[in-house]
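Visitor: Sequence and predicted model, in that order:
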Amino acid sequence: MGAGLRRVCKLMGGMTVSSGGKTVKYVYDYAADKPALEADMPFGSERHKLSERAKWLQNPPRNALKCAARACEGCTVCRETPNV
């Protein structure tokens, strides 16, 4: 797959591509770090759940009370950001 498709899917979460009367939808698989056909990764499937988990662990939600990154073994985010 092309680098442009990969970048757009990673930024937007997915992309619909039409060519020659055929339309396919790609979604970004954050666990594999590449685009995948939506049919190969349906919502609620184990692959979809692993991808969502990987997406949120890459950019963990943080607030003043709790840092979600502390759950990650070997994470340095909390140590580098003292006011988290």
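Guide: That came through, no problem.
Visitor: Any buried residues in stretch 31-43, and which?
Guide: The neighbour-count check on stretch 31-43 (16 or more other CB atoms under 10 Å) flags Ala31, Pro35, Ala36, Glu38, Met41 as buried. (C-beta placed from N, C-alpha, C; glycine too.)
Visitor: with the residues you listed in mind, which one is nearest to Ala3?
Guide: Pro35 (10.6 Å; CB to CB).
Visitor: so which helix or strand takes in Thr23?
Guide: Using DSSP states H and E, the element containing Thr23 is strand 22-29.
Visitor: Helix or strand with the lowest mean pLDDT in this structure?
Guide: helix 77-80 (a mean of 54; mean pLDDT, DSSP states H and E).
Visitor: what about the nearest residue to Glu38 once chain neighbours are set aside, neighbour count?
Guide: Spatial nearest neighbour of Glu38, chain neighbours left out: Lys25 (4.3 Å); criterion: CB to CB, 6 or more residues apart in numbering. Residues lying near Lys25 (other CB atoms under 10 Å) number 12.
Visitor: just checking, Lys25 touches Pro35?
Guide: No. Contact criterion CB atoms under 8 Å: Lys25 and Pro35 do not qualify, at 10.1 Å.
Visitor: Three-state assignment for Met15, please.
Guide: strand (DSSP: H, G, I helix; E, B strand; the rest coil).
Visitor: Quick check: beta-bridge partners of it?
Guide: Tyr26 (DSSP bridges).
Visitor: Let me know the pLDDT of it.
Guide: According to the prediction, Met15 has pLDDT 93.
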